[in-house]
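# 3D model of this:
(one chain, ligands or ions: 1)
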Amino acid sequence: MIEDSLETEHLTLTLGHLYPDQLNLYGDRGNILTLQRRCQLRAIELRVVGLGIGDALAPDEYDMLFIGGGQDREQAPVAQDVCELKSIGLWAAVEDDMPLLAVCGGYQLLAHYYRPAEGPDMRGLGVFDAWTIHKGARVPRCIGDVAISWHGSTLVGFENHGGRTYLGKAQPLGKVLKGHGNNAEDHTEGAVYRNAYGTYLHGSLLPKNPHFADHLIELALQRKYGRRSQTSTNVQLTTANASASNGVTSLAAAPQEAATLLSALDDTLEWEAHAALLERLGLHDAAAAALRTCTKPVSAFQS
Ligand code: GLN
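This is a model prediction of the structure:
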């Protein structure tokens, strides 16, 4: 039966790291390292493949995508490559619900355009119905710690951007609790389209937000293995398989029913770091809630 094979199968995921040499600000590579570690602890192999300027993107070769932040000067050549060489592959991946995380400069280039402080507009892919305008060198940048609401929890990070992003029909990733967010005006932060997530949260983001890291991994597993289970029989790896050798405790055929796909990890340190940032921002109740999360995993699939 397929559930037996999934329970013992060596699960693999491939992550496409877009423009690792150009878009790599403020430790954004820490997001990749976090995803690798959280997969490794569940005996899931996460392969990482760099995709630079000039490299073709064949979406069928990947299960997740990441694009980091960058200075205006690095964004310009990347923008051209995004819209010319990688646009078909990126759109195919996004429309096929591949999880994608885009941080800051990468986020801006997946919206409609980025108007830098100087020089011509950089055309973006338009995955996010949004646009970004830099207000000029004399306007203070959006810099500092930031906390937003997300799925009844919080996401924390550090932001440093001159561009102000305004959302059209795109849904925000969350509501700003403290910090600037998209534009320091409308209290939105980030943008979401299908399983593509844009955000200004550097830090890097995922080490202090283990629930969001696991959410991305769950989406990738569900997309890759859950469909296979849907196509054959309505397979459900129940929690009774908690002893599964590959760290996947349940793989529901319908993702919205999955309570948690992944075995819980000891995220005490991660949540203490998360709570410390919330405390620094004066968000004491949210910090207490974060510390309580240490004892139970948070999954975005949970209603
Ligand atoms: N250069 C862009 C801006 O200043 C993005 C910066 C970044 O990626 N941190 O808004």
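
# near the ligand, which residues of the stretch 1-150 of the chain?
The stretch 1-150 of the chain comes close to the ligand at residues 25, 69-72, 75, 104-105, 108, 134, as judged by CB under 6 Å from any ligand atom. The C-beta positions use only the backbone N, C-alpha and C, and glycine is treated the same way.

# give me that answer again for 8 Å
Contacts of the stretch 1-150 of the chain with the ligand, taken as CB under 8 Å from any ligand atom, map to 23, 25-26, 68-72, 75, 103-108, 114, 116-117, 132, 134, 141-142.

# surely I53 is in contact with P77?
Yes: I53 lies in contact with P77 (CB atoms under 8 Å); the separation is 6.0 Å.

# about what we covered before: so which of the residues of the stretch 1-150 of the chain next to the ligand are in strands?
Mapping those onto strands (DSSP state E) picks out 103, 114, 132, 134, 142.

# in a markdown table, list those residues along with neighbour count and pLDDT.
Below are those laid out as a markdown table (neighbours: other CB atoms under 10 Å; pLDDT from 0 to 100):
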| residue | neighbour count | pLDDT |
| --- | --- | --- |
| V103 | 30 | 98 |
| Y114 | 23 | 98 |
| T132 | 26 | 98 |
| H134 | 19 | 97 |
| C142 | 21 | 98 |
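
# and which of the residues you listed is nearest the ligand?
The closest of those to the ligand turns out to be H134 (CB to the nearest ligand atom; 5.9 Å).

# residues touching that closest one, list them.
With contacts defined as CB atoms under 8 Å, 6 or more residues apart in numbering, H134 is in contact with 72, 114-117, 162-164.

# quick one: which of those is most hemmed in?
Using other CB atoms under 10 Å as the neighbour test, the contacts of H134 are led by G163, with 26 neighbours.

# how about that residue, what does it touch?
Counting by CB under 8 Å, 6+ apart, G163 touches 108, 114-116, 132-134.

# on that earlier part again, what residues are shared contacts of I53 and P77?
Common neighbours of I53 and P77 (CB under 8 Å, 6+ apart) are Q22.

# excluding its backbone neighbours, what's nearest the residue in the stretch 51-200 of the chain that the ligand sits nearest to?
Residue nearest to the ligand within the stretch 51-200 of the chain (CB to the nearest ligand atom): G69, separated by 2.6 Å. Leaving out its chain neighbours, the residue that sits closest to G69 by CB to CB, 6 or more residues apart in numbering is C104, at 3.2 Å.

# just the helices from the stretch 1-150 of the chain, written as ranges.
2-8, 29-40, 72-84, 87-95, 105-109 (DSSP state H, counting those that start in this stretch).

# can you give me the helices in the stretch 151-300 of the chain?
So, for the stretch 151-300 of the chain - with DSSP H, counting those that start in this stretch - the helices run 210-221, 227-232, 268-280, 284-293.

# most packed of those helices?
A comparison of the helices of the stretch 151-300 of the chain by mean neighbour count, using mean count of other CB atoms under 10 Å, puts helix 210-221 on top with a mean of 24.

# give me the mean pLDDT for it.
For helix 210-221, mean pLDDT is 97.

# so which elements touch that helix?
Helix 210-221 sits against strand 12-18, helix 29-40, strand 64-67, with contacts defined as 3 or more CB pairs under 8 Å, 6 or more residues apart in numbering; DSSP states H and E.

# looking at those, which is buried most?
Here the criterion is mean neighbour count by mean count of other CB under 10 Å, and of those the winner is strand 64-67, at a mean of 27.

# can you give me the buried ones in stretch 175-191?
Buried residues in stretch 175-191, counted by 16 or more other CB atoms under 10 Å: 176-184, 187-191.

# A56 - how many residues pack around it?
By the criterion of other CB under 10 Å, A56 has 10 neighbours.

# could you tell me the least trusted of the helices of the stretch 151-300 of the chain?
Minimum mean pLDDT among these: helix 227-232, a mean of 45.

# so for the most centrally placed residue in the chain, what's the pLDDT?
The centre of the chain sits closest to L101, judged by CA atoms, centre = their mean, with a distance of 3.3 Å. At L101, the model reports a pLDDT of 98.

# hang on, isn't it packed against F66?
Yes: contact criterion CB under 8 Å: L101 and F66 qualify, at 5.1 Å.

# need the winner for burial among the helices of the stretch 1-150 of the chain.
Of all the helices of the stretch 1-150 of the chain, helix 105-109 carries the top mean neighbour count, a mean of 30, counting by mean count of other CB under 10 Å.

# same for that one, what does it pack against?
So helix 105-109, by 3+ CB pairs under 8 Å, 6+ apart, packs with strand 64-67, helix 72-84, strand 163-167, strand 196-199.
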